[in-house]
Structures are given as C-alpha cells and as structure tokens.
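Colleague: Quick one, what's the 3D model for this:
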Amino acid sequence: MQKIEQYPLKKEEVLIESLPYIQQLQGKTMLIKVGGHAMVDPIMMENMIRDLVLLRYVGLNVIIVHGGGPEITRKMELMGHKPIFVGGLRVTNDETLEVARMVLVGNVNTKLISLIGKYGGKGVGLSGKDGRLIMARKLPLQRVIVDGMETDIDIGWVGEPESINPEILDIVMKNGYIPVISPISMDVNCNTMNLNADTVAAEVAAAVSAKKMVLLTDVAGILRNPDDETSCISKIGISEIPKLIDDGIVTGGMIPKVKSAIVAIEKGVESVHIIDGSKPHTLILELLTDAGIGTMIYRD
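Modeller: Okay, here's the model as predicted:
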C-alpha cells in the first residue's frame, strides 16, 4: 500500500480521529461522482472502491455516479471514429451516442460493480433509464465561439435531467447495496440521451437528500494558483464561487463541477467536497479527519 506522505498523523490517530465523523455520518447518504483518470487508471479505481466499501461497512449509504469522457474518446479513436468538439462541447450524433452507451453502461459501470464485489461489497449497476430513475430533455442549441464568432449549434443527443425518481435507489440502499449510476437516460419519447455526470450527480444527490456529495477529480481541489497544489482552498461558501469564476481562478472543467456543487447545496445537500482521486485514500481523509485534504463547499 502506498504511504500518504502529506498527512502527518499515525494510523491509530487517524482511526481515533475518524470516530466522531463516523458517528455523524452513520445512516446518512453520500453521493460520490467519479471521473477523470480514476476511470482509466486501475490502481486509482481500486483504491477508490476499497474506500467506498469501507464507508458502506461503517454505516453510510453510498451512491456512485460515474462519467467516462476520456474512455469514450479513446474507444472512438480505437474504432476509427474521430470525436467532434465544437467550442469545447462534444457533438453526440447517433454513432457517438452508441459508443458512449457502450462505454458507460457496458464497460465502466460493470467494471465498478466487479470491483465492489472484489472488496466484499454489493453493487447494482443502473442507468438513468432503469425505473425511470432520470428522465431527461434534450439540450437546446448551444451558443459557442467558433473562429472568433458566436454560433448556435445542435450538439446532438445530449440532455439534462428533467426529473429524478429516487424510489429504486431507496430500495437498493435499504437492502445494503451500492447503486452505481451511468449518465445515460431517455426523454419522454424514449430517445436515448447522454448527460453530464456532474449535473446528474447534483440532481440525484438532492433527490435522495444526501448529506454530502463528493466530486473526485484529477486536481487537489479549487486552487487559487493552478500551478501550486498548496494553494488549495480548504473551505468556501457558495456565495464566493461566482467571483472565483469571474476572476479566472476557477476555469475549464472545474466550472461545471462548482456549478453542480451550487445546485446540490441550494437543493439541500449539506456540503460538497472536491478532492483529488489520483492519490490513495483521499476520500477517507477528507470525510473522516479534521484537516481534510480537498475543498469543501458549503452554504454560507
């Protein structure tokens, strides 16, 4: 097992320090959104799943929502298809949608379920279609900048959650299982839709009244200086986030994550944690120790 050099406590001190946090979280629901390199690095994925199974065994109800963008791109390239991005948005035509469905539902989801079983947990794979868990609507035309000009484009079969039915999640968790949700859903006309996993995570977390939502990423959290991991913001209220975006501190792929955090908190989730999933056991350290290890976003 890798040593966690950045955390100074001894193992027994970490265990004792975790007790009040375990007591607070006992019986509560926590949603984990997994993406980035954790989806393609087998060591990262195993570390994460082991932590999640541990949390389930100490009494938390755990839900996983996963993405898989890098894996979709890789699979398309292996199949000889060229991914199309316009203004930073993936255009999802019929061909791309089929690859996304195959990767998210048939590959990533089943891999996570298998790992949960390997470490003694019980996982159930779900998509947004199962039990009408997530009903979606197609995104409208998106205004993007192409060659310096604003253009409205149709990005295809990309949707957003319209409604969440948490009944199937309640049934699954009540019987000791960990739901693993892929962001593939459908609209009222049964058209399949690919949804943004951060958006799905926020809406599902709110629908199940989750106490916490955790976004596992490839960076330490929200950094005041993107080139300096020691500049990670430990805690921040949602009222401060718009200024961070305006000032260019939060950029790129971090923007949808912090926006999903705001949505989740405004809809009742107590706190959202953004942590680096590439380091071992950051999930445990963030949730069960005093110092934490990422960024916690809360209602101020």
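Colleague: Can you get me a residue count around S18?
Modeller: A total of 18 residues lie near S18 under the criterion other C-beta atoms under 10 Å. Every residue, glycine included, has its C-beta placed from N, CA and C.
Colleague: Excluding sequence neighbours, find me the nearest residue to it.
Modeller: L288 (3.8 Å; C-beta to C-beta, 6 or more residues apart in numbering).
Colleague: ok, that neighbour - contacts?
Modeller: Residues near L288 by C-beta atoms under 8 Å, 6 or more residues apart in numbering: 14, 17-18, 21-22.
Colleague: Now which of the residues you listed would you call buried?
Modeller: Neighbour-count burial (16 or more other C-beta atoms under 10 Å) applied to the contacts of L288 gives 14, 18.
Colleague: export the contacts of L288 to JSON lines and tack on secondary structure?
Modeller: As requested, the contacts of L288 are exported to JSON lines (DSSP: H, G, I helix; E, B strand; the rest coil):
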{"residue": "V14", "secondary structure": "helix"}
{"residue": "E17", "secondary structure": "helix"}
{"residue": "S18", "secondary structure": "helix"}
{"residue": "Y21", "secondary structure": "helix"}
{"residue": "I22", "secondary structure": "helix"}
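Colleague: Quick one: the contacts of L288 as a markdown table, columns for distance to V124 and pLDDT too.
Modeller: Below are the contacts of L288 laid out as a markdown table (distance: C-beta to C-beta, whole Å; pLDDT from 0 to 100):
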| residue | distance to V124 | pLDDT |
| --- | --- | --- |
| V14 | 30 | 70 |
| E17 | 32 | 82 |
| S18 | 27 | 83 |
| Y21 | 26 | 84 |
| I22 | 24 | 86 |
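Colleague: tally of neighbours for the nearest residue in space to R299 that is not next to it in sequence?
Modeller: Once flanking residues are discounted, R299 sits nearest to I265: 5.1 Å by C-beta to C-beta, 6+ apart. I265 sits with 22 neighbouring residues when counted by other C-beta under 10 Å.
Colleague: same question, N93
Modeller: Counted with other C-beta under 10 Å, the neighbours of N93 add up to 13.
Colleague: you'd agree it is up against D154?
Modeller: No. N93 is not in contact with D154 according to C-beta atoms under 8 Å; the separation is 9.8 Å.
Colleague: how about the helix or strand harbouring the residue nearest to R299 as CSV, C-alpha atoms only?
Modeller: Using DSSP states H and E, I265 sits within helix 254-266. Provided in CSV are the C-alpha atoms of helix 254-266 (Å, rounded to 0.1, in the frame of the first residue of the first chain):
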residue,chain,number,x,y,z
MET,A,254,-13.8,22.9,-12.8
ILE,A,255,-16.6,25.3,-13.8
PRO,A,256,-19.3,22.7,-14.3
LYS,A,257,-18.1,21.0,-11.1
VAL,A,258,-18.5,24.1,-8.9
LYS,A,259,-21.8,24.9,-10.6
SER,A,260,-23.1,21.5,-9.9
ALA,A,261,-22.0,22.0,-6.3
ILE,A,262,-24.0,25.2,-6.0
VAL,A,263,-27.1,23.4,-7.4
ALA,A,264,-26.7,20.5,-5.0
ILE,A,265,-26.3,22.8,-1.9
GLU,A,266,-29.2,25.1,-2.9
